[in-house]
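Colleague: Turn this into a structure:
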Amino acid sequence: MRHQISIVVVGLLLAAGIAVGDDATITSENAVNKPETGVSAPAVLVIQGELKPGGEATYQQYLAGTGPLMAEYGAEVVMVGRGVASEHTTNAWPVNAMLRFPNREAAEAFLADPRYLEIKETYRDAAYETLHLTLVETREPRVRTPKDVAEEAFGDFRNGLATGDWAPFLARLSDDFSFHFPLGRFQGLNHGKERAAEFFAFVSQVYSDGLFVDDVLGVTAEGNRVVFEFSDHGLMFGKPYANKVAISLDVCGEQICGYREYFGLVGPPPASDGDAS
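Modeller: Here you go, the predicted structure:
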């Protein structure tokens, strides 16, 4: 088994007629008669297995036969290697490789090609003790953005306004959280999660029956700052209240580290001290 990895590396490259070196690789530029399907998402064939004792020579013949077909279908070798046993993993196969095709159709056409099937039955099946093949249709990785984090936090903020349950929103705040409010007892810049808990508890006292977001009028993201514009309504100290509000959330990783609120009353000004959103 000790020579299997070098067989995979050298065999796949030489079979395709490419010199072995630090930069040697198989690219789609080597492809001829590549199927044109209009599907752009690349597909990756993941190969994991173990050769039979004495199967190295047969395996080399398999690689030599499949190399020209790989080039024809636009396949490229993106990874070869021996699995490493680790407490963090479940399997460590001696032979591992990944082949990238222009798309799923090209990969399936390659695997179903009568020329490949003949090589497979003659050499691959005879060489492998165990073999696992996985075909993956790839896509761009989903990367969480500050907007994603802020929108989730805004959902908890909206629920806190309506129900008075601020625990989920407060759990999203960073230890160095700060917030700015335009008037009342919390006017100006405030620091810390404890101060934030006091503020939002006071909001729920002012709107004891809940404050309800009617419409989200816009969401604007720039860098780590995300601004939500919305209208809301409720009873403020028992009197009808309506508002148009903009809040700005600063995102630090997966947490909210800053909050600023701006608003303008739609209805008549409240008779009380009016120091909540």
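Colleague: At which residues are the strands of the stretch 1-150 of the chain located?
Modeller: With DSSP state E, counting those that start in this stretch, the ranges of strands along the stretch 1-150 of the chain come out as 43-51, 76-81, 95-101, 128-137.
Colleague: With mean pLDDT, distance to Phe199 and mean neighbour count as extra columns, can I get those strands in JSON lines?
Modeller: C-betas here are computed from N, CA, C, even on glycine. JSON lines is the format used below for those (pLDDT from 0 to 100; distance: least, Cβ to Cβ, whole Å; neighbours: other Cβ atoms under 10 Å):
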{"stretch": "strand 43-51", "mean pLDDT": "96", "distance to Phe199": "50", "mean neighbour count": "18"}
{"stretch": "strand 76-81", "mean pLDDT": "94", "distance to Phe199": "52", "mean neighbour count": "17"}
{"stretch": "strand 95-101", "mean pLDDT": "95", "distance to Phe199": "52", "mean neighbour count": "22"}
{"stretch": "strand 128-137", "mean pLDDT": "95", "distance to Phe199": "48", "mean neighbour count": "13"}
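Colleague: For Asn190, find the nearest of those.
Modeller: strand 128-137 (49.1 Å; Cβ to Cβ).
Colleague: now the closest one, how far from the chain's geometric center?
Modeller: Centroid separation for strand 128-137 versus its chain: 25 Å, with Cα atoms, centre = their mean, to the nearest Å.
Colleague: Equivalent analysis for stretch 201-217, please.
Modeller: 33 Å.
Colleague: Over to stretch 93-105?
Modeller: 22 Å.
Colleague: Secondary structure element holding Ala242?
Modeller: Following DSSP states H and E, one finds Ala242 within strand 239-252.
Colleague: what about dumping the CA coordinates of that strand to PDB?
Modeller: Taking Å, rounded to 0.1, in the frame of the first residue of the first chain, the C-alpha atoms of strand 239-252 are listed here in PDB:
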ATOM      1  CA  LYS A 239     -52.800  55.800  24.300                       C
ATOM      2  CA  PRO A 240     -52.700  55.100  20.500                       C
ATOM      3  CA  TYR A 241     -49.200  55.500  19.100                       C
ATOM      4  CA  ALA A 242     -47.700  55.200  15.600                       C
ATOM      5  CA  ASN A 243     -44.200  55.700  14.500                       C
ATOM      6  CA  LYS A 244     -41.700  55.500  11.600                       C
ATOM      7  CA  VAL A 245     -38.400  54.300  12.800                       C
ATOM      8  CA  ALA A 246     -34.900  53.600  11.600                       C
ATOM      9  CA  ILE A 247     -32.500  51.500  13.600                       C
ATOM     10  CA  SER A 248     -28.900  50.900  12.800                       C
ATOM     11  CA  LEU A 249     -27.100  47.700  13.900                       C
ATOM     12  CA  ASP A 250     -23.400  47.300  13.900                       C
ATOM     13  CA  VAL A 251     -22.300  43.700  13.400                       C
ATOM     14  CA  CYS A 252     -19.100  42.200  14.900                       C
END
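Colleague: which is the next helix or strand following it?
Modeller: strand 255-265.
Colleague: ok, and what's touching that next one?
Modeller: 149-150, 153, 172-174, 176-182, 196, 242-251, 277 (Cβ atoms under 8 Å, 6 or more residues apart in numbering).
Colleague: run the last query once more with 6 Å
Modeller: 153, 172-174, 177-181, 243-250, 277 (Cβ atoms under 6 Å, 6 or more residues apart in numbering).
Colleague: Give me the ChimeraX select line for those residues, limited to the buried ones.
Modeller: In ChimeraX, this line selects whichever of the contacts of strand 255-265 come out buried by 16 or more other Cβ atoms under 10 Å:
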select :153,172,173,174,177,178,179,181,243,244,245,246,247,248,249,250,277
